[in-house]
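> Provided below for reference: sequence and predicted model.
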Amino acid sequence: MQTPNFEMPTEMRDFAEKSVDQARNAVGSLMANAVKATEQAQASGQTFQSTFSAVIAKGFDHAQANANATFDFAQKLVRTKDLREAFELQSEFVRSQFAAFQAQAKDYGTLAQNAAR
């Protein structure tokens, strides 16, 4: 017994080749997009990490500056000669610390704006 010789019609072969090419292109695009998304996620993670590190470092800088200012004030305060001088010193300290806190808040605002970008 002889098996019949079956040939695929040219149209079906062309259609199958096009389907394979389209599937190959679709998977290639999917993989390229997945790689791009992964790279963007890594970049975002690195940006967050560097911003977070900058905020922590800035916080330590501000804490150190505030502590130094407070100790300087205390040292000056114990050297005052009378109550009037102590009140003047206190007023000066409050003004300078308020200005320092405003500058520090501005620093944090700048960091937040940079992180949002």
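That came through, no problem.

> give the contact list for the residue nearest the centre of the chain.
Centroid-nearest residue in the chain: Phe48, 2.5 Å away (criterion: CA atoms, centre = their mean). Shown in contact with Phe48 (CB atoms under 8 Å, 6 or more residues apart in numbering): Ala115. From N, CA and C alone the C-beta is placed, and that goes for glycine too.

> Now it: which helix or strand?
Assessed by DSSP states H and E, Phe48 sits inside helix 10-78.

> The residue nearest to the centre of the chain and Arg79: what is the separation?
To Arg79, Phe48 is 47 Å away according to CB to CB, to the nearest Å.

> swap in Arg13?
Arg13 sits 99 Å away from Arg79, going by CB to CB.

> ditto for Ala65
Computed as CB to CB, the Ala65 to Arg79 distance reads 22 Å.

> what's the answer for Val94, then?
From Val94 to Arg79 the distance is 18 Å (CB to CB).

> do Thr70 as well
Thr70 is 15 Å from Arg79, by CB to CB.

> Could you do His62 as well?
His62 is 26 Å from Arg79, by CB to CB.

> who's more crowded, these two?
The residue with more neighbours, out of His62 and Arg79, is His62; 17 against 10, by other CB atoms under 10 Å.

> what's that one in contact with, if anything?
Contact partners of His62, counting by CB under 8 Å, 6+ apart, are 104, 107.

> again, only using 7 Å
With contact set as CB atoms under 7 Å, 6 or more residues apart in numbering, His62 has these partners: Gln104.
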